[in-house]
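Colleague: Generate a structure from the sequence data that follows.
(3 chains)
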Amino acid sequence: MSTIFDRHVTVSDGCLLPKQDVPEQGLKKLIPSSLQRSSPPRIPQLSEPELARHYTRLSKLNYGIDDGLYPLGSCTMKYNPKVNEDLARLPGFALAHPKAEEGLVQGSLHLLYEVSHILSRMAGLDAVTLQPAAGAHGELTGMFLLRRYFEKRGEPQRKRILLPDSAHGTNPASANTAGFSVVQLPSNEKGMVDLAALKGELDSNLAGIMLTVPNTLGIFEEEILSVTELVHEAGGLCYFDGANLNAFLGRARPGDMGADVFHFNFHKTLSTPHGGGGPGAGPVAVSGKLSDLLPVPRIKKEGEKYRLDWDFPDSIGSMHPFYGNFGVLLKAYVYVLLLGDAGLRAVSENAVLNANYLQTRLKETFTLPYDRLCKHEFVLSGAEIGPGIKTLDIAKRLIDYGFHPPTIYFPLIVQEALMIEPTECEGRDTLDRFVEAMERIAAEAGETPEQLHTAPQRAPVHRLDETRAARQPVLTYPFDAER
Amino acid sequence: MNYPSEFRYTKEHEWVKLEGNRAKMGITDHAQAELGDIVFIELPTVGLEIKKGDNLATVESVKAAGEVYAPISGKVIEVNTELESSPEIINSSPHNDGWIAVLEITDPSAADDLLDVASYEQYLSAE
Amino acid sequence: MQYVTNTKKDREQMLAALGLNSIEGLFSDIPRPIKEKFQGLELSEKSELEVVSALKRLEAQNANWENMTSFLGGGIYDHYIPSIVSHLISRSEFYTAYTPYQPEISQGTLTAMFEFQTMICELTGMEIANASLYDGATALAEAVIMAERIVGMGRMAVARSLVPDFRRVLDTYCGAAGIDVVEVPYTGRGQLDLRAIPADISALAIQSPNAFGVIEDPTQLDLGDGLLIVVANPISLGILAPPGELGADVVVGEGQPLGLPASFGGPLLGFFATHRRWLRKVPGRISGRTVDRDGKEGYVMAFQTREQHIRRERATSNICTNSALCALAATIYIASLGAEGLGELARLNLEKAHYLADRICSLPGYKLAFQAPFFNEFTIHVPVDPHRIRDSLKQAGFLVTDPGELEALGMQEALRFAVTEKRTREQLDSLVEKLGGIK
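Modeller: Below you'll find the predicted structure:
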């Protein structure tokens, strides 16, 4: 792929920048020479047409939701409404400086206040921070809250966090960053938390449990109320990872399941775009016992005025330099207003219907290790579908059929996992075409396995050599190398 | 692959070759095959005192990071620095040139707790 | 609901295929007590038109920024953003894509990440950079955590002249990670007090230009094993020496000035650059060049074994989603300027800021708080209550940062002004005129 560094430098005549309109004193006088740049950065300047073509060409090498089905399990790649993008760019919002006086940004503060209120109701919990910039950042915030909670209670020894073996990798990473030790809980044969194993881990060093509901197999923990009750009785707290909220939107609330902390993933549940890896937003809702510990500043309403409230002496501090990813929060707000309660309920209805429909159809061809009612996603195994065929091969072959592959090799408790989440946005026709492609791939796996091993054939590049990328790292443009 | 009969093995797939109070060790052919193309190794520092079961090194492939545990307690007296620039030697020669470290051990009888080749091969086939 | 494609008939047929006779059957596994407690938001479905109107009404509660002249700074600056930036990042192949786990159909994102990494290295003078973090403040916190893993002293030092928004986040992370934070005072020139740097630290974090706008000179620092972390303003690096050439071990910063709107403080863009030898300690995504099976050049996410989805609790960071689209905007912004344009942009900022500073200092009682070099932001010692000045300026449509922020850093009776290329001479002159009238 050619980069802009491969392009000829095509300098337009500098009309991008305004002319200097003040008397110049010169760099020499203003900056000591030892602190001046001695040689320019090696960055080409492209004319606007060249720039437009380069990035338009790059964009065509990508696959986005607008290109087709994106069934990444637990990533919930749903459609991103276009109106969100327009409204986030309204100049009154886009140009608001975070340090502008409160009186000048009442609209922004009002919006944030409303978002907090909505999220708190959606979670069935008492208070919300909007600061976390992504789901994993929300997890970290949650872990910092737990740490502070036990310090305040004089129980700093509570340092053990229980995690089901089906947990997402960010969970243990977040717990560890906050100084907790991670204890893995095995799943039972139904793919749920093993209550006996849980009981064996309850002691006075327990800080809590991190759960994903429904779990990463797409299964709702039927014993969820017993799980949270046991943890609470042992003096621990219950952290809920909100990655899978799409499964019960408009029908159930984590607070009613016993959650003390719950983080949202806006790009998963509330339709904000993922942007090829961010920006996201990962607000955190908490139960009353944790609300005074939330990050500052918080947004407060006094009469008809909105203001920033810094007066929470027990707060963990700040997770974000300002108030969170405002532009992302706004898009989610727009989405919730458009949908209302009925629309939110339609989300979970169609998401779960689509997932069960796909599960039922695909289990005729592929192994379904946990065969039961699923929620928004389910996990197949790609093992033994053909000689020497791995799940990776199936995934790559799907690209040739015009689909983005599902999440693969996760959760770790399923061998050769294919984790499929269609979301509410897909229609039955698309699902049927996907089933057809999967069935054809299964047939090819037996008949023409080479077609899978060499897939994708119809992508801008063929399978890339990741070993080479690790052994001979090239992480910046090799200006000095012979090309 | 042939598992040398003079080696001892662990269930974590390390091998040990005893030479008096020196214990040369590495990872088994099975371990390297499971990891795939090895792209990096983090070696211990010479002089490190280590207990059996402690983390001694980390080997990485593209999609996995595997911990290497000390098969026996001792002090690290040599490490295979060749692996730093050519970690793929572990793939091509896990039991010879791909050795990882030499430990100085005080109690050679501690190796008696480890698996002999027959037990290790049996363990592999059961796994 | 307009984002659902299934029709009522589709749903009925699909339910039948599942052997269910109602939608409720799909949720039979959620325990009844949970479902019974459910309460909705009490919001009815709305049309797009109604929601657009509602948002415009909220927007109108903010000031009309067209009537305001901003001298606000402290990390977030009012730079001009060329139209092409938002047009290109609005291509849905970019903004509706996921993290590039499937490189064969993500070469657009991966190539742009590689370009971004290269540009950040060129600007900062470091060998490697990641593909972005959430924002400058968390990038600094991640740098300190990395330094602690490398050096392991259990404490770090931070310049008092770090902007407070960064400092709060840093303190929060360090507190939870068990790293002690020692503050290093500033001198009468507003620069780091080199005599007051503690020994046995994992890192020293400084910002240049700092919270007063003053440019630091780190060349005389000796931290022993400790790492020097420099928080840099990327636009200033168009003319200022890359921190990597001045001894920095990690360079981080806020990328908002590179083509992102202020957006009330988010989304932002953290950048992170360091030495190649710490590649495996770096947090976040990194794009690397390789070839496909036919030898064709391409890019992949490299060194994923550092990351949470493989290393779990032993990962270098828990970060996964970062600021990819913001990094793309920054990449396009930088490419639209090129090296020459960046230099010219930086000089415009520098000269305009100095012009304004000189004009303000010609007013009786006003003087620069520090006799030290500055870039596009400076601190002025004022002869009247700065809060009163701020209020009067606001009435006239001029925005400056709350003097309380400087007071918290030990600077009384002072105001800070940031000047970008967007400020015209006319605006600068009228600010001075207004200031002169405040008694």
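Colleague: Do me a favour and get the backbone dihedrals for the residue of the stretch 1-150 of chain A found nearest chain B.
Modeller: As assessed by CB to the nearest CB, chain B sits closest to residue A:72 within the stretch 1-150 of chain A, at 17.4 Å. Every residue, glycine included, has its C-beta placed from N, CA and C. Note on residue A:72: backbone dihedrals following degrees, to the nearest 10 are phi -70, psi 110.
Colleague: Kindly state the beta-bridge partners for it.
Modeller: Beta-bridge pairing of residue A:72 under DSSP bridges involves residue A:420.
Colleague: residues touching it, list them.
Modeller: Residue A:72 makes contact with A:404-407, A:419, A:421, C:98, according to CB atoms under 8 Å, 6 or more residues apart in numbering or on different chains.
Colleague: ok, now residue C:276?
Modeller: Residue C:276 makes contact with C:127-128 under the criterion CB under 8 Å, 6+ apart.
Colleague: How much space separates it from residue C:259?
Modeller: 28 Å (CB to CB, to the nearest Å).
Colleague: Then residue A:166?
Modeller: If you measure residue A:166 against residue C:259 using CB to CB, the figure is 40 Å.
Colleague: likewise residue A:338?
Modeller: Counting by CB to CB - residue A:338 and residue C:259 are separated by 29 Å.
Colleague: Following the chain past the longest strand along chain A, name the next helix or strand.
Modeller: When chain A is parsed with DSSP state E, its longest strand is strand A:206-212. Later in the chain than strand A:206-212, the nearest helix or strand by DSSP states H and E is helix A:224-233.
Colleague: does any bit of that next one sit next to chain C?
Modeller: Yes. Counting by CB under 8 Å from any CB of the partner chain, contacts between helix A:224-233 and chain C involve A:224-225.
Colleague: Off-centre distance for that helix?
Modeller: Taking the mean of its C-alpha atoms, helix A:224-233 sits 27 Å from the chain's own mean (CA atoms, centre = their mean, to the nearest Å).
Colleague: Can you give the contact residues for it?
Modeller: Helix A:224-233 has contacts (CB under 8 Å, 6+ apart) with A:162, A:193, A:195, A:198-199, A:202, A:206, A:208-209, A:211, A:213, A:221, A:237-238, A:257-259, C:31, C:33-34.
Colleague: For that helix, output the C-alpha coordinates as CSV.
Modeller: Extracted as CSV, the C-alpha positions of helix A:224-233 are listed here (Å, rounded to 0.1, in the frame of the first residue of the first chain):
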residue,chain,number,x,y,z
ILE,A,224,-27.5,-14.2,38.2
LEU,A,225,-29.5,-13.3,41.3
SER,A,226,-27.8,-16.0,43.4
VAL,A,227,-24.4,-15.0,42.1
THR,A,228,-24.7,-11.4,43.0
GLU,A,229,-26.3,-12.2,46.4
LEU,A,230,-23.5,-14.6,47.3
VAL,A,231,-20.9,-12.0,46.4
HIS,A,232,-22.7,-9.3,48.4
GLU,A,233,-23.1,-11.6,51.4
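Colleague: Okay, buried residues for it please.
Modeller: For helix A:224-233, the neighbour count (16 or more other CB atoms under 10 Å in any protein chain shown) marks A:224, A:226-228, A:230-231 as buried.
Colleague: ok and that helix relative to strand A:206-212, angle-wise?
Modeller: 160 degrees (axes from the mean of the first three to the mean of the last three CA atoms, to 10 degrees).
Colleague: And the helix or strand following helix A:224-233, what does it pack against?
Modeller: Per DSSP H and E, helix A:224-233 leads on to strand A:237-241 as the next helix or strand towards the C-terminus. With contacts defined as 3 or more CB pairs under 8 Å, 6 or more residues apart in numbering or on different chains; DSSP states H and E, the packing partners of strand A:237-241 are helix A:135-152, strand A:206-212, helix A:224-233, strand A:261-263.
Colleague: which element is the closest residue to residue A:114 other than its chain neighbours on?
Modeller: Nearest residue to residue A:114, sequence neighbours excluded (CB to CB, 6 or more residues apart in numbering or on different chains): residue A:333, at 6.6 Å. Assigned by DSSP H and E, residue A:333 belongs to helix A:326-362.
Colleague: How far off centre is that helix?
Modeller: The chain centroid and the centroid of helix A:326-362 are separated by 15 Å, computed with CA atoms, centre = their mean.
Colleague: Same list, the helices and strands packed on strand A:237-241, but as CSV with mean pLDDT please.
Modeller: Shown next, in CSV, are the helices and strands packed on strand A:237-241 (pLDDT from 0 to 100):
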stretch, mean pLDDT
helix A:135-152, 97
strand A:206-212, 96
helix A:224-233, 97
strand A:261-263, 98
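Colleague: Include distance to residue A:279 when you put those into TSV, please.
Modeller: Converted to TSV, these look like this (distance: least, CB to CB, whole Å):
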stretch	distance to residue A:279
helix A:135-152	11
strand A:206-212	22
helix A:224-233	31
strand A:261-263	16
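Colleague: Among the ones you listed, show me which one is buried the most.
Modeller: Counting by mean count of other CB atoms under 10 Å in any protein chain shown, strand A:261-263 has the highest mean neighbour count of these, with a mean of 29.
Colleague: Return the nearest residue of chain A with respect to chain C.
Modeller: Closest point on chain A to chain C, by CB to the nearest CB, is residue A:45, at 2.2 Å.
Colleague: That residue: how many residues sit nearby?
Modeller: 23 (other CB atoms under 10 Å in any protein chain shown).
Colleague: Assign it to helix, strand or coil.
Modeller: coil (DSSP: H, G, I helix; E, B strand; the rest coil).
Colleague: Mind exporting the C-alpha coordinates of the longest strand of chain A to PDB?
Modeller: Taking C-alpha atoms only, strand A:206-212 is exported to PDB below (Å, rounded to 0.1, in the frame of the first residue of the first chain):
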ATOM      1  CA  LEU A 206     -12.700 -10.800  48.100                       C
ATOM      2  CA  ALA A 207     -13.200  -7.500  46.400                       C
ATOM      3  CA  GLY A 208     -15.800  -8.600  43.900                       C
ATOM      4  CA  ILE A 209     -16.700 -10.300  40.700                       C
ATOM      5  CA  MET A 210     -16.600  -9.000  37.100                       C
ATOM      6  CA  LEU A 211     -19.400 -10.400  35.000                       C
ATOM      7  CA  THR A 212     -20.500 -10.000  31.500                       C
END
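Colleague: Check which helices and strands it sits against.
Modeller: Applying 3+ CB pairs under 8 Å, 6+ apart, we find strand A:206-212 packed against helix A:135-152, strand A:160-164, helix A:170-177, helix A:224-233, strand A:237-241.
Colleague: Give me the contact list for that strand.
Modeller: Contacts to strand A:206-212, defined as CB under 8 Å, 6+ apart, come from residues A:74, A:139, A:146-147, A:150, A:158-164, A:166-168, A:171, A:175, A:180, A:185, A:193, A:198, A:221, A:224, A:227, A:231, A:234-241, A:243-244, A:260.
Colleague: so does the helix or strand of chain C with the lowest mean pLDDT get close to chain B?
Modeller: One helix or strand of chain C scores below all others by mean pLDDT, DSSP states H and E: helix C:308-311, with a mean of 81. Yes. For helix C:308-311, a contact with chain B is found by CB under 8 Å from any CB, at C:310-311.
Colleague: that older thread, give me the number of residues near the residue nearest to residue A:114?
Modeller: 24.
Colleague: Isn't it up against residue A:113?
Modeller: No. If you go by CB atoms under 8 Å, residue A:333 and residue A:113 don't touch, sitting 10.6 Å apart.
Colleague: Where does the prediction get shaky in the chain?
Modeller: As the question left the chain open, I've gone with chain A. Regions of chain A meeting the criterion pLDDT under 70 cover residues A:8-15, A:482-483.
Colleague: Switch to chain B, please.
Modeller: Ranges of chain B meeting pLDDT under 70: B:1.
Colleague: Having no further points to raise, I will conclude here.
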